[in-house]
Structure formats: structure tokens, C-alpha cells
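Student: Kindly return the folded structure for what I paste below:
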Amino acid sequence: MNEKLINLRAAMQEQGIDAYLIPSGDAHKSEYVADRWKTRAWLTGFTGSAGLAIVTQEHAGLWTDSRYFLQAETQLADSGFVLHKQGIPHAPEHLAWLRDNLEEGDTVGCDGRQFSVGDVKNIRNKIKAKNAELVTDIDLIDDIWEDRPALPGDPIFAHPVEFAGKSRAEKLAEIRAQMTADYYLVTALDEIAWAFNLRGYDVECNPVFYAFAVIGREQTWLFTNIEKVTVELTNILAADKIFLKPYVVIKTFLAGLHEEATVQYDKGTANIQLFESVRDGRAKAEKNIIQQLKAVKNPTEIEHTRRAMVKDGVALLRLYRWLEKTLPVRSIPETEVAEVLADFRSKQKDYYGESFDAIVGYKGNGAIVHYRAERATCADIEAEGILLLDSGGQYYDGTTDITRTVSLGGATDEEKFCYTRVLKGHIELAAAVFPVGTRGAQLDTLARMHLWQAGLNYGHGTGHGVGFFLNVHEGPQGFAPNPVTSRGTTVFKPGMITSNEPGFYKDGAFGMRIENLILCVEAGENEYGKWLKFEDLTLFPIDTDLIDIQQMTAREIAWLNDYHAKVFAELSPELDREERAWLEAKTAKIG
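Tutor: Residues are numbered from 1 along each chain as shown. I've put the predicted structure just below:
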């Protein structure tokens, strides 16, 4: 029996809480969090990055989407939690269950630091049918997690303007030009890191640090652990009228602003406790200024990203050559592949770390979309079957994210058929030309059309925005079938970097995904308007051994040959003679 669950229910009963909500995020609505904020994972055992738990005295449920179904079923075994499969990623389907299972006048509790203003509004709207009350200032997990970790104490460091392309003073001026209030409250960690040209080590794989920020018309306050900032950096920030305050005083600061002060915030990221710290009627929900600015990369960021892609391509080439040399001699644990790849990346200039834990899925494990191999339980890779490798690197000059699916020998007709359908969809999206104003949900269809024609599909979105030496998953744009989420509704603009990653998964057999990062660029103008297209940034061969050439059109073959010519031209100058010969063979023309 799950003793943590027993203890939570006892605490709920003591506090008069009938249902308690435990999300995945922290006080900043982060997707990936420091150990202190891994409350849902600690309680349930499910470690996926997306999911929410609801506990009542009679039921304990975990809601997550199709990326994590297989993982959740395994990790929730014997936990006391029941998996609720979401039909649509990021949809609040748990709220309908909550409403239907509440009694008249029940009390629902949560740690409001982990719920945005928008989240709380949705919960209250849903439970009002039962005249239920929502209490947002109760952290029951802290009461029962005896050895809960503290927030990290690693130093904060500057991200030089030669990488960032704009100084923090320039960025703050751009933000202030769009402000509609006296102050702008910033809570998302990647937005703070971008705006102040600062980075940190607080969250694994994400170069961010825990902080809040309040941007005023003349000066700015950064709320963080002051001990993490050197005297030299403190003085540099002060020269730009950026002043440090302790992380824990943010609510007191907001409450103490002058009576007429207005505070602008983003209802999707600002947590409810901060919102309630502002004087009644003085908080204004407005668009997220920094998210929009950050999504459009400046020319310096784009040029550095191109350089990062070369380094990443070289590291991957050395990994796959090592794989091909080693497999005839011995089997290789999935975890070893991730370790060797990280080592090859670490030898590249300006490397910081991996941008996420590599997904190394051999055969059936590849069908677990966000699979994470563990040394004790992972598969041993042999010289046959399908291997899916999804990985990324963090460099001071860019963030990468790439997936390749390769045949290690003996590919079946079914595997080749499915892989080719995925490749055709990948090419369809990569080669798209579309009018200004086009949104992610419209483009998502292109990546699925060839799978749909065969009665096949995949359950995740086709792509997400990517940061610049920041979070590998970045809003607002993306490719998604859901027309409600930001990925489905955001209009594409030149300068946005987005992943293109259609896939197909057969439970217990194989998983396939082909992912490149693509840059939105201008494609001309005529009497019908302005047009956009994509430029491939990722530089690594796409496996041709899995292609059923009979399914490919002349246009698709030409695209692949052109892409491979680009890969060879960009990577070969960085390679020795043997590596260049390997790459030449992998990028040879087909058809």
C-alpha cells in the first residue's frame, strides 16, 4: 500500500479537504522542475513531464496523455493510483471527473503556487455546479514529505550578448514598449532567463534559475536567491537598473506597491497566490510579451543555432559510427547509448549539457513515446531491429532536438511501409509554402496526411517551439491537431524555430519518429499576399535503409537528396577522412 497516499488522505481529513489536486509543475508553471517540486512524481511514482493527480478518500487518479500511457501503466502499478487516459494532450479532462465525483458543498484543495490564474478560474467554473469551495493556500505535500529537497543553490551566470544578440537593456526597452500597466510581473523561468541574459543550473537540462521578476517603467526587480549572484554580476545588473531581492519576498513586494499601481500579468503562467497579492482590481491580464518576443529569434541567435547544429551533427555521427562498430562485437544497453552520445557532445565547443534525457528506444521500447531507459530494466540493443533515438544538446550558442529512427538489420515490409509514411509526412511539412497568418493546426495536417491515407495516426503533436540556449519545449507556436492550445492557434512568423516530428508507434513492436528543427523564413510576395516557408536547421542523415522507394514521389526523392547534399556540405569540413567517407555513404542519392 502507498504510505504516502495514506498520509495524504489523513492530512486531507484533518484539514477538511475532500479532494486534493497535485500537478506536475512548480510555482512558475514549468514543464521540467527541480527535485523540490516533483510532488506528483514523489506521490504517485509516475515520472512523466505531463500529468495531474486528484486524490479523494475513495479514489486516487492520474491523468496524462497518450505519450505516457505505457509508461504510466508500468509506474503506477501498486501505487494506489488509477490511470485516466486523456484523449487530447493538455486538455482539462480531469475537471469533468472532479465535478462529477464531488458531493454538494465539498472542499477542493491545492497548493496555489502550482496553479495559474487561468487554471484556478477553470477549476472554480467547473466545480461551482456542486457549490464546492476551492482552497488555494494549502500545501499538504510539504506536511508529509519529510526529506523534501531544498531549491538548488547553484550560481547564476551571464549569457554573453555575442550569443544573445541583444543586451538586457535592449530587451527591457522592447518589453516596456508593449507594457500596458505600471509594472509587468514575470514568472516563467525561461522568460526571465531570456529577458535578463542570465542562465543557471536549477533545473536539469534547462539552463534556468528560480526567480520572479517585476519590470517597472524605470527600474526592474529580480527576486531570487541573492547568494547565487556574484558581486560583479550584481553590479552589472544594477548598472541596468536591475535590483536583486530575496526570492521569498515577491508576494510582500507586490502587496506593497503604491495604491494606484497597476500590474500586468499573464494568466497562463502567473500563479494564483501572486495574483492575490496585488491590490484588488489593480492586476491586469494581458498578452505574454516576453514569450512572443523570445519565440522570434534574432539574426545572431539564428546564426549561432546553425553553428550549434553542425556541432550536434558531428557528435551524432560519431555516436552512430561507434554504434555500428560495437554492435557486431556485443550488445549495447540503451542507457549506454545515451551516455556515449552525451560524451561525444561534451567534446564540442561551448557545450552545457543535454537538452533533455535522451530517449533510446529499441524495438518495442520505441513505441513508448517519452520512454526513459533505466540501467536495471533497459533493453540490450542487438544488430537487428529498429532503434529510435530522440536527443538534444544545450550549447551556449543554441539548443538542439533531433530524432532518428534506424534499421539495425532485418527490417520487415511493415516497418518499411510505416517508416516511409512517416518520412513522407515529414517532407510534406518541411517543404510547405503557406500564406502569412497560417496557424499550427492547419500545418499539422500535412504531416499526418500520408499516415491517415493508410488508416494510421500518432497521438502526440507534430512539433513544438525550441528556445535559444533555453528550454527545448518553448511556446507559443507548434504543430498540433488541437485548435484550442497555443500550438494549434499561434500564427507562424519568420524567425520561429519549431520541431517537425511526425511518428508512428506499434505497441510492443517498434516506434518511429523523424525530427528536424525548422526555421520559419519569408518565401516572397505576390498579388495573393505574403508567403512563408521553412528552412531545415538540423544536420544529420535520415536513414534510407528503411525507405520503401516505391511509395516515394519524384518530388519527395528530390527533397531528400537535396537535404542530404546540404548535410554533407555542412558537416564534412569538420570530419576526418574516415568520418567523411561514412557520411558520404549515408547521404548518397536515392532513386
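Student: out of all of them, which strand in the chain is the longest?
Tutor: strand 516-526 (DSSP state E).
Student: domain assignment for this protein?
Tutor: Per automatic domain parsing, the structural domains of the chain span 3-144, 157-287, 296-564.
Student: Redo the ones you listed as TSV? Include distance to residue 588 and mean neighbour count.
Tutor: Just so you know, the C-beta spots here come from the backbone N, C-alpha and C atoms, and that holds for glycine as well. TSV is the format used below for the domains of the chain (distance: least, C-beta to C-beta, whole Å; neighbours: other C-beta atoms under 10 Å):
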stretch	distance to residue 588	mean neighbour count
domain 3-144	34	19
domain 157-287	35	18
domain 296-564	8	20
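Student: can you put the ones you listed in a markdown table and add distance to residue 581?
Tutor: As requested, these are arranged in a markdown table below (distance: least, C-beta to C-beta, whole Å):
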| stretch | distance to residue 581 |
| --- | --- |
| domain 3-144 | 38 |
| domain 157-287 | 34 |
| domain 296-564 | 10 |
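Student: Rebuild those as JSON lines, extending it with mean pLDDT and distance to residue 580.
Tutor: JSON lines is the format used below for these (pLDDT from 0 to 100; distance: least, C-beta to C-beta, whole Å):
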{"stretch": "domain 3-144", "mean pLDDT": "93", "distance to residue 580": "37"}
{"stretch": "domain 157-287", "mean pLDDT": "97", "distance to residue 580": "29"}
{"stretch": "domain 296-564", "mean pLDDT": "97", "distance to residue 580": "10"}
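Student: so where do the strands sit in the stretch 201-350 of the chain?
Tutor: Along the stretch 201-350 of the chain, counting by DSSP state E, counting those that start in this stretch, strands occupy 211-216, 220-224, 242-246, 263-265, 283-285, 332-333.
Student: want to throw those into CSV with distance to residue 557?
Tutor: Shown next, in CSV, are the strands of the stretch 201-350 of the chain (distance: least, C-beta to C-beta, whole Å):
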stretch, distance to residue 557
strand 211-216, 50
strand 220-224, 53
strand 242-246, 54
strand 263-265, 51
strand 283-285, 50
strand 332-333, 32
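Student: Of those strands, which is nearest residue 495?
Tutor: Closest approach to residue 495 among the strands of the stretch 201-350 of the chain is made by strand 211-216 (22.7 Å; C-beta to C-beta).
Student: quick one, phi psi at residue 499?
Tutor: Note on residue 499: its backbone torsions stand at phi -80, psi 150 [degrees, to the nearest 10].
Student: if I look at it, how far off is residue 399?
Tutor: Counting by C-beta to C-beta, to the nearest Å, the gap from residue 499 to residue 399 is 11 Å.
Student: Look up the residues that both of these two are in contact with.
Tutor: residue 466 (C-beta atoms under 8 Å, 6 or more residues apart in numbering).
Student: Check what pLDDT residue 152 gets.
Tutor: pLDDT, residue 152: 95.
Student: Of the domains of the chain, which is nearest residue 587?
Tutor: Of those, nearest to residue 587 by C-beta to C-beta is domain 296-564, at 3.7 Å.
Student: Pull the contacting residues for residue 189.
Tutor: So residue 189 contacts 28, 30, 202-203, 206, 208-211 (C-beta under 8 Å, 6+ apart).
Student: Farthest pair within these?
Tutor: 206 and 211, at 13.3 Å, using C-beta to C-beta across the contacts of residue 189.
Student: CA atoms of stretch 168-182 as PDB?
Tutor: Output of stretch 168-182 as PDB, limited to C-alpha atoms (Å, rounded to 0.1, in the frame of the first residue of the first chain):
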ATOM      1  CA  ARG A 168      19.300  43.100 -21.500                       C
ATOM      2  CA  ALA A 169      18.800  46.800 -21.700                       C
ATOM      3  CA  GLU A 170      17.600  46.500 -25.300                       C
ATOM      4  CA  LYS A 171      15.300  43.600 -24.300                       C
ATOM      5  CA  LEU A 172      13.800  45.500 -21.400                       C
ATOM      6  CA  ALA A 173      13.200  48.500 -23.700                       C
ATOM      7  CA  GLU A 174      11.200  46.300 -26.100                       C
ATOM      8  CA  ILE A 175       9.200  44.800 -23.200                       C
ATOM      9  CA  ARG A 176       8.400  48.300 -21.800                       C
ATOM     10  CA  ALA A 177       7.300  49.500 -25.200                       C
ATOM     11  CA  GLN A 178       4.500  46.900 -25.000                       C
ATOM     12  CA  MET A 179       3.500  47.200 -21.400                       C
ATOM     13  CA  THR A 180       0.000  48.500 -20.600                       C
ATOM     14  CA  ALA A 181       0.500  48.800 -16.900                       C
ATOM     15  CA  ASP A 182       2.900  50.400 -14.400                       C
END
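Student: when you give positions from now on, start the count at 44
Tutor: I'll keep to 44 as the first residue from here, and by that count the last item is stretch 211-225.
Student: How about residues contacting that stretch?
Tutor: Taking C-beta under 8 Å, 6+ apart as the rule, stretch 211-225 contacts 227, 237-240, 258-260, 263, 280, 283, 285, 300, 304-307, 327, 329, 332-333, 336.
Student: who's the spatially closest residue to residue 83 that is not a sequence neighbour bridged to?
Tutor: Excluding its sequence neighbours, the residue lying closest to residue 83 (C-beta to C-beta, 6 or more residues apart in numbering) is residue 65, at 4.8 Å. Counting by DSSP bridges, residue 65 is bridged to residue 96.
Student: just residue 555 next, same as before
Tutor: residue 547.
Student: Relative to residue 398, how far out is it?
Tutor: Counting by C-beta to C-beta, the gap from residue 555 to residue 398 is 21 Å.
Student: again with residue 454
Tutor: Taken as C-beta to C-beta, the span from residue 454 to residue 398 is 29 Å.
Student: Residue 544 too?
Tutor: 14 Å.
Student: Quote the end-to-end distance of stretch 254-264.
Tutor: Start-to-end span of stretch 254-264 (C-alpha to C-alpha, to the nearest Å) is 10 Å.
Student: now that stretch: how far from the chain's centre is it?
Tutor: 26 Å (C-alpha atoms, centre = their mean, to the nearest Å).
Student: do the same with stretch 477-488
Tutor: With C-alpha atoms, centre = their mean, you get 21 Å for stretch 477-488.
Student: Same question for stretch 493-503.
Tutor: On C-alpha atoms, centre = their mean, the centre of stretch 493-503 falls 23 Å from the chain's centre.
Student: what does stretch 142-151 give?
Tutor: 33 Å.
Student: again with stretch 418-425
Tutor: The answer for stretch 418-425 is 26 Å, by C-alpha atoms, centre = their mean.
Student: Would you confirm that the residue nearest to residue 83 contacts residue 98?
Tutor: Yes: using C-beta atoms under 8 Å, residue 65 makes contact with residue 98 at a distance of 7.1 Å.
Student: what's the distance between residue 194 and residue 90?
Tutor: Taking C-beta to C-beta, one finds residue 194 at 20 Å from residue 90.
Student: And for residue 240?
Tutor: Plainly put, residue 240 is 32 Å away from residue 90 if you go by C-beta to C-beta.
Student: max-length helix in the protein?
Tutor: Across the chain, the longest stretch assigned as helix under DSSP state H is helix 342-369.
Student: helices or strands next to that one in the packing?
Tutor: helix 204-207, helix 377-389, strand 436-438, strand 441-442, strand 445-450, strand 559-569, helix 597-614, helix 620-629 (3 or more C-beta pairs under 8 Å, 6 or more residues apart in numbering; DSSP states H and E).
Student: isn't residue 448 right next to residue 459, touching?
Tutor: No: Residue 448 is beyond contact range of residue 459, at 11.4 Å (criterion: C-beta under 8 Å).
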